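1. Based on what follows, work out the 3D shape:
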Amino acid sequence: MKWKCKVCGYIHEGVEPPEECPICHQGKEVFEKIAEAITIDSAEAKKQGIKNAIRKLSYGMYIVTSHQKGKINGQAANTVFQISSEPSVIIGFGMVKTNYTAEMILETKTFAVNILGIDGQGLVRKFGYRSGRDTDKFEKLNYKLDEQNNPLIEEKGVIGYLSCKVYNNQIIDCGDHWMVLAEVIEGMVNDSENYMMSYEFFRKTKDQN
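-> Below is the predicted model:
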(Lines give C-alpha, C1' and ligand atoms only; values in the text may rest on other atoms or scores of the structure.)
Protein backbone atom coordinates (compact mmCIF):
# COMPACT_ATOMS: atom_id res chain seq x y z
CA MET A 1 0.00 0.00 0.00
CA LYS A 2 1.29 3.44 -0.93
CA TRP A 3 0.63 6.84 0.60
CA LYS A 4 1.45 10.22 -0.92
CA CYS A 5 2.19 13.42 1.00
CA LYS A 6 -0.06 16.16 -0.41
CA VAL A 7 2.42 18.84 0.62
CA CYS A 8 5.71 17.68 -0.92
CA GLY A 9 4.80 14.57 -2.93
CA TYR A 10 6.80 12.10 -0.82
CA ILE A 11 5.69 8.48 -1.34
CA HIS A 12 5.46 6.13 1.65
CA GLU A 13 4.92 2.38 1.44
CA GLY A 14 3.22 0.65 4.35
CA VAL A 15 -0.06 -0.39 5.89
CA GLU A 16 -0.49 3.05 7.45
CA PRO A 17 0.92 6.50 6.57
CA PRO A 18 3.91 7.63 8.65
CA GLU A 19 3.34 9.79 11.73
CA GLU A 20 5.45 12.51 10.10
CA CYS A 21 6.61 13.12 6.54
CA PRO A 22 10.44 12.79 6.52
CA ILE A 23 10.70 15.48 3.84
CA CYS A 24 8.35 18.33 4.82
CA HIS A 25 7.72 17.14 8.42
CA GLN A 26 3.94 17.50 8.20
CA GLY A 27 1.69 15.12 10.14
CA LYS A 28 0.06 11.92 8.91
CA GLU A 29 -3.13 13.82 8.08
CA VAL A 30 -1.54 15.24 4.91
CA PHE A 31 -1.09 11.75 3.38
CA GLU A 32 -3.56 10.28 0.92
CA LYS A 33 -3.81 6.69 -0.19
CA ILE A 34 -2.71 6.02 -3.76
CA ALA A 35 -5.07 3.78 -5.67
CA GLU A 36 -3.45 0.47 -6.55
CA ALA A 37 -4.06 1.08 -10.23
CA ILE A 38 -1.81 4.14 -10.15
CA THR A 39 1.85 3.55 -10.96
CA ILE A 40 4.70 6.02 -10.84
CA ASP A 41 6.54 6.58 -14.08
CA SER A 42 10.21 5.65 -13.66
CA ALA A 43 11.37 9.07 -14.88
CA GLU A 44 9.05 10.81 -12.39
CA ALA A 45 10.23 8.51 -9.59
CA LYS A 46 13.84 9.35 -10.41
CA LYS A 47 13.02 13.05 -10.40
CA GLN A 48 11.32 12.71 -7.01
CA GLY A 49 14.28 10.75 -5.66
CA ILE A 50 16.66 13.53 -6.67
CA LYS A 51 14.37 16.13 -5.09
CA ASN A 52 14.23 14.19 -1.83
CA ALA A 53 18.01 13.71 -1.69
CA ILE A 54 18.79 17.34 -2.58
CA ARG A 55 16.78 18.44 0.43
CA LYS A 56 19.27 16.60 2.64
CA LEU A 57 22.14 18.85 1.53
CA SER A 58 23.24 21.36 4.13
CA TYR A 59 22.33 25.03 3.55
CA GLY A 60 22.38 28.18 5.61
CA MET A 61 19.99 31.13 5.41
CA TYR A 62 21.15 34.58 4.36
CA ILE A 63 19.91 37.98 3.23
CA VAL A 64 21.99 39.05 0.22
CA THR A 65 21.87 42.78 -0.47
CA SER A 66 23.04 45.10 -3.22
CA HIS A 67 22.35 48.50 -4.74
CA GLN A 68 21.74 50.15 -8.12
CA LYS A 69 21.27 53.78 -9.15
CA GLY A 70 20.57 55.00 -5.63
CA LYS A 71 18.23 52.13 -4.69
CA ILE A 72 18.94 49.25 -2.32
CA ASN A 73 17.41 45.80 -2.19
CA GLY A 74 17.90 42.37 -0.72
CA GLN A 75 16.76 38.79 -1.13
CA ALA A 76 16.61 35.68 1.01
CA ALA A 77 19.13 33.05 -0.12
CA ASN A 78 20.28 29.62 0.98
CA THR A 79 23.18 28.97 -1.41
CA VAL A 80 26.31 30.74 -0.16
CA PHE A 81 29.50 28.76 0.40
CA GLN A 82 33.25 29.20 0.70
CA ILE A 83 35.43 27.97 -2.15
CA SER A 84 38.97 29.10 -1.28
CA SER A 85 41.01 30.75 1.48
CA GLU A 86 44.25 31.82 -0.20
CA PRO A 87 45.38 34.12 -1.67
CA SER A 88 41.86 35.56 -1.31
CA VAL A 89 38.72 34.27 0.35
CA ILE A 90 36.38 33.33 -2.50
CA ILE A 91 32.73 32.38 -2.03
CA GLY A 92 30.02 31.14 -4.36
CA PHE A 93 26.49 32.49 -4.37
CA GLY A 94 23.53 31.15 -6.36
CA MET A 95 20.86 33.66 -7.37
CA VAL A 96 17.65 33.39 -9.40
CA LYS A 97 18.14 35.21 -12.70
CA THR A 98 14.86 37.11 -12.54
CA ASN A 99 15.39 38.53 -9.03
CA TYR A 100 15.76 42.29 -8.64
CA THR A 101 18.83 41.79 -6.44
CA ALA A 102 20.42 39.72 -9.21
CA GLU A 103 19.87 42.62 -11.62
CA MET A 104 21.69 44.92 -9.21
CA ILE A 105 24.62 42.54 -8.72
CA LEU A 106 25.03 42.08 -12.45
CA GLU A 107 25.42 45.84 -12.81
CA THR A 108 27.47 46.80 -9.74
CA LYS A 109 29.43 43.52 -9.37
CA THR A 110 29.16 43.90 -5.58
CA PHE A 111 26.93 42.58 -2.81
CA ALA A 112 26.80 41.89 0.92
CA VAL A 113 25.84 38.67 2.69
CA ASN A 114 23.93 39.12 5.95
CA ILE A 115 24.30 35.82 7.84
CA LEU A 116 21.19 34.82 9.79
CA GLY A 117 20.92 33.25 13.22
CA ILE A 118 18.15 30.93 14.36
CA ASP A 119 16.00 33.92 15.35
CA GLY A 120 16.05 35.41 11.85
CA GLN A 121 12.85 33.88 10.46
CA GLY A 122 11.17 37.29 10.33
CA LEU A 123 13.90 38.64 8.08
CA VAL A 124 13.51 35.70 5.68
CA ARG A 125 9.80 36.42 5.45
CA LYS A 126 10.46 40.12 4.90
CA PHE A 127 13.07 39.64 2.17
CA GLY A 128 11.60 36.54 0.53
CA TYR A 129 8.27 35.88 -1.19
CA ARG A 130 8.05 39.34 -2.82
CA SER A 131 10.03 41.59 -5.15
CA GLY A 132 11.86 44.77 -4.24
CA ARG A 133 10.63 46.18 -7.54
CA ASP A 134 7.22 46.55 -5.91
CA THR A 135 8.06 47.34 -2.28
CA ASP A 136 10.75 48.83 -0.05
CA LYS A 137 12.02 45.84 1.90
CA PHE A 138 14.13 48.10 4.13
CA GLU A 139 11.20 50.14 5.41
CA LYS A 140 11.44 50.44 9.23
CA LEU A 141 14.68 48.41 9.30
CA ASN A 142 17.96 49.56 10.80
CA TYR A 143 20.92 49.18 8.48
CA LYS A 144 24.21 50.74 7.47
CA LEU A 145 26.10 50.70 4.18
CA ASP A 146 29.41 48.96 3.66
CA GLU A 147 32.23 50.62 1.70
CA GLN A 148 30.59 49.46 -1.55
CA ASN A 149 27.21 50.99 -0.57
CA ASN A 150 25.54 47.63 0.04
CA PRO A 151 23.23 47.37 3.09
CA LEU A 152 24.31 45.60 6.27
CA ILE A 153 21.20 44.89 8.33
CA GLU A 154 21.42 45.94 11.98
CA GLU A 155 18.56 43.92 13.41
CA LYS A 156 18.14 40.95 15.74
CA GLY A 157 18.65 37.76 13.77
CA VAL A 158 21.75 38.89 11.83
CA ILE A 159 24.89 37.33 13.31
CA GLY A 160 27.51 38.48 10.80
CA TYR A 161 28.33 40.07 7.46
CA LEU A 162 30.45 39.52 4.38
CA SER A 163 31.10 42.34 1.92
CA CYS A 164 31.91 40.95 -1.51
CA LYS A 165 32.88 41.90 -5.05
CA VAL A 166 32.56 39.64 -8.09
CA TYR A 167 35.83 37.79 -8.70
CA ASN A 168 37.33 38.15 -12.20
CA ASN A 169 33.86 38.71 -13.65
CA GLN A 170 32.97 35.10 -12.81
CA ILE A 171 29.17 34.95 -13.21
CA ILE A 172 28.23 31.52 -14.54
CA ASP A 173 25.01 30.59 -16.34
CA CYS A 174 23.40 27.67 -14.47
CA GLY A 175 19.94 27.35 -16.02
CA ASP A 176 17.43 29.40 -14.03
CA HIS A 177 20.19 30.64 -11.69
CA TRP A 178 23.45 32.57 -11.92
CA MET A 179 26.39 31.23 -9.93
CA VAL A 180 28.51 34.16 -8.77
CA LEU A 181 32.09 33.79 -7.59
CA ALA A 182 33.07 36.67 -5.33
CA GLU A 183 36.01 37.85 -3.28
CA VAL A 184 35.28 38.68 0.34
CA ILE A 185 36.81 42.07 1.11
CA GLU A 186 35.40 42.59 4.59
CA GLY A 187 33.73 40.44 7.23
CA MET A 188 32.43 40.74 10.76
CA VAL A 189 30.68 38.61 13.40
CA ASN A 190 28.37 40.60 15.66
CA ASP A 191 26.69 37.80 17.64
CA SER A 192 29.08 34.98 18.48
CA GLU A 193 26.62 33.31 20.89
CA ASN A 194 23.87 32.68 18.35
CA TYR A 195 23.69 29.67 16.02
CA MET A 196 23.55 30.03 12.26
CA MET A 197 20.14 29.22 10.82
CA SER A 198 20.09 26.20 8.52
CA TYR A 199 17.60 25.88 5.70
CA GLU A 200 16.20 22.75 7.34
CA PHE A 201 15.65 24.64 10.61
CA PHE A 202 13.90 27.43 8.73
CA ARG A 203 11.57 25.00 6.96
CA LYS A 204 10.65 23.35 10.27
CA THR A 205 10.00 26.61 12.15
CA LYS A 206 8.88 29.12 9.53
CA ASP A 207 5.21 28.94 10.53
CA GLN A 208 5.72 29.06 14.28
CA ASN A 209 5.95 32.84 14.64
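2. Just list the residues touching the residue most central in space within the chain, thanks.
-> The centre of the chain sits closest to residue 78, judged by Cα atoms, centre = their mean, with a distance of 2.4 Å. Contacts for residue 78 (Cβ atoms under 8 Å, 6 or more residues apart in numbering) come out as 59-62, 199. (C-beta placed from N, C-alpha, C; glycine too.)
3. so what pLDDT did it get?
-> Residue 78 is assigned 91 on the pLDDT scale.
4. Same check on residue 37?
-> Confidence score, pLDDT, at residue 37: 49.
5. now residue 7
-> On pLDDT, residue 7 comes in at 88.
6. Sticking with it, tell me its helix or strand.
-> Assigned by DSSP states H and E, residue 7 belongs to neither a helix nor a strand.
7. Next, find the distance separating it from residue 76.
-> Noted for residue 7: a distance of 20 Å to residue 76, by Cβ to Cβ, to the nearest Å.
8. more neighbours, the two?
-> Using other Cβ atoms under 10 Å as the criterion, residue 7 and residue 76 rank with residue 76 on top: 21 against 14.
9. and the more buried one, bridged to which residues?
-> In this entry, residue 76 is beta-bridged to residue 63, by DSSP bridges.
10. State which helix of this structure is the longest.
-> Across the chain, the longest stretch assigned as helix under DSSP state H is helix 42-54.
11. Mind giving me the packing neighbours of it?
-> If you count contacts as 3 or more Cβ pairs under 8 Å, 6 or more residues apart in numbering; DSSP states H and E, helix 42-54 packs onto no helix or strand.
12. buried residues in that helix?
-> residue 48 (16 or more other Cβ atoms under 10 Å).
13. Just the residues contacting that helix, thanks.
-> In this structure, residues lying in contact with helix 42-54 by Cβ under 8 Å, 6+ apart are 9-11, 23, 40.
14. Pull out the buried residues from those residues.
-> Neighbour counting over the contacts of helix 42-54 (16+ other Cβ under 10 Å) leaves 10, 23 as the buried ones.
15. how about the nearest residue to residue 94, chain neighbours excluded?
-> Spatially, and ignoring its direct neighbours in sequence, residue 94 is nearest to residue 79 (3.6 Å; Cβ to Cβ, 6 or more residues apart in numbering).
16. do you know how far that neighbour is from residue 10?
-> Applying Cβ to Cβ to residue 79 and residue 10 gives a distance of 23 Å.
17. ok, now residue 152?
-> To residue 10, residue 152 is 39 Å away according to Cβ to Cβ.
18. Residue 97 too?
-> 29 Å.
19. which of the residues in the worst-scoring helix or strand of the chain on mean pLDDT are buried?
-> Among the helices and strands of the chain, helix 199-205 carries the lowest confidence by mean pLDDT, DSSP states H and E, at a mean of 80. Within helix 199-205, the residues scored as buried using 16+ other Cβ under 10 Å are 199-203.
20. Where do the helices of this structure begin and end?
-> 42-54, 100-108, 121-127, 199-205.
21. To residue 168, which of those helices lies closest?
-> With Cβ to Cβ as the criterion, residue 168 lies closest to helix 100-108 of the helices of the chain, at 14.9 Å.
22. where does the closest one sit relative to the chain's centre, distance-wise?
-> The chain centroid and the centroid of helix 100-108 are separated by 17 Å under Cα atoms, centre = their mean, to the nearest Å.
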